[in-house]
Every structure is written in C-alpha cells, then in structure tokens.
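[1] predicted structure and sequence below. I'll ask about it afterward.
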Amino acid sequence: MKYDFYFVHGWGFSKSFWSPVKKQIEKEKFSGYIGNVDLNFFSKCKKSINEKKFNNNEIFIVHSYGLNWFLKKNLKCKVLINFFGLPDFIGFQKKPNFIRSGLDKMLSEFIINPEKVIEKFYDKCEVRCSYMKNFNRKNLVHALINLKSNNQTLKLINAKYNIFSIYSNDDKVVNIDTEKIKKIEKENHKISILPNLSHGFPLTKPDLCFEMIKNCIKKI
C-alpha cells in the first residue's frame, strides 16, 4: 500500500531540514505523494500547505515545534510520527520554571540579535547548517510564544490515529520528564525514549531516522 507523506520541520529550520530523509522515503515502494510543510521562518510566504486535499490517510512526520503546528491545525491522518515534539513544551520537561525563563530570555535576545539566538540554538541541536538571512521575525517570535503558552495535551490524548513519539535523554533542547510523558502513552500512541540522539538528529543522522520511520510504518 502506498502512503502520502508530509514532513513538518521545527522552530529555527526550513523545509530543507527533512530533505535527506525525504530522499530515502521517495525510493520506497510504500511512498506515494511526498510534501513539505514550510512554516515560513525564513520566507515571507503566508501559505504553508493546501489542507483541502487531505484524505486522512496521510503519514505526517514532524519535528519539535512541527507537532505544535500539526495539533493546532486540528488535522487528522493515518499515522503521526513525532520526533521530539511536546504538546506542552514546558509542562513535559524537567524544571519547567527554568524552561519558561529560558524561553523568555530567548524571546528578548531574539528581538535584539536573531542571528545569535539561531546560532546558539543550532549548537544545542548539534547541527551544522547555515540559516538564510531573510528572517521572518514575526513567525519565529510567534512560534516561541506558542511554545510558551499553548498546551495541546488533550488534543494528543484524544487523537484516534496512530502516533509514534521519539525522544532522547541526551537532547539538549528538550529535557524530557520521562515519568510525565509516559502518562500519555496509550494503545495508539507509542512513546520511545532513546539515548544518544541530539535534537537535530533527523538532519544529522538521516539513515537512522529513516530506519525508525520504516519500523513505525511496519507496525500500522
């Protein structure tokens, strides 16, 4: 059976984040249409995707803030494969007050020097990639505010489609609280917490990420 795939990148990246994994998916027999959702952090476009053509049989693969975008859109799909995304970015991390303060500081610094904030973020993600100079400051700031204020846990808990969430104890961006996140695991939502994965793992280790995605698809 063929599936349509949609890739959604996280904060501070562009749709090219998923390009190495996308190329491998394209070679598979189960691959149908493959689309990218561009959250326009480095462009001025207003429209990121045509949602009217969805038929609820798609596989969405999201990274970090991409999960928040997906849940806020109230989309449905056949499978959601989530790398490092949290429905409540602050609440599911250790030391939530520290995370909240960190986001406040990040917002303040971004307004003054966005390049420096992006560079620090890439260091935490353990990625080496050049960002585009045409920042869409409005979208980047708005996304950080959403991460700080939005709690979409109930949407994720009530979802009827299959969900696979992957986290890591070695992520320097998401300091996952294992006990809390495991409480929202259920029959259709499997949560894995793995070692030795950075926040930028899908970009830095696309071969391994691709194998994880294939393993998820085999289980549906």
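    Everything's here; your move. Numbering: from 1, shown residues only.

[2] leaving out chain neighbours, which residue sits closest to the residue nearest the centre of the chain?
    Centroid-nearest residue in the chain, with C-alpha atoms, centre = their mean: residue 63, separated by 1.8 Å. Spatial nearest neighbour of residue 63, chain neighbours left out: residue 10 (4.2 Å); criterion: C-beta to C-beta, 6 or more residues apart in numbering. Just so you know, the C-beta spots here come from the backbone N, C-alpha and C atoms, and that holds for glycine as well.

[3] okay, now that neighbour: neighbour count?
    By the measure other C-beta atoms under 10 Å, the count of residues near residue 10 is 26.

[4] that one is in what secondary structure piece?
    Under DSSP states H and E, no helix or strand contains residue 10.

[5] mind checking pLDDT for it?
    Turning to residue 10, the model gives it a pLDDT of 97.

[6] isn't it up against residue 85?
    Yes - Residue 10 lies in contact with residue 85 (C-beta atoms under 8 Å); the separation is 7.5 Å.

[7] and the biggest helix by length in the chain, what does it pack against?
    As assigned by DSSP state H, the longest helix anywhere in the chain is helix 96-112. Applying 3 or more C-beta pairs under 8 Å, 6 or more residues apart in numbering; DSSP states H and E, we find helix 96-112 packed against helix 114-125, helix 137-149.

[8] okay, the angle between it and helix 137-149?
    170 degrees (axes from the mean of the first three to the mean of the last three C-alpha atoms, to 10 degrees).

[9] tell me the buried residues in helix 96-112?
    For helix 96-112, the neighbour count (16 or more other C-beta atoms under 10 Å) marks 96, 99, 103, 106-107, 110 as buried.
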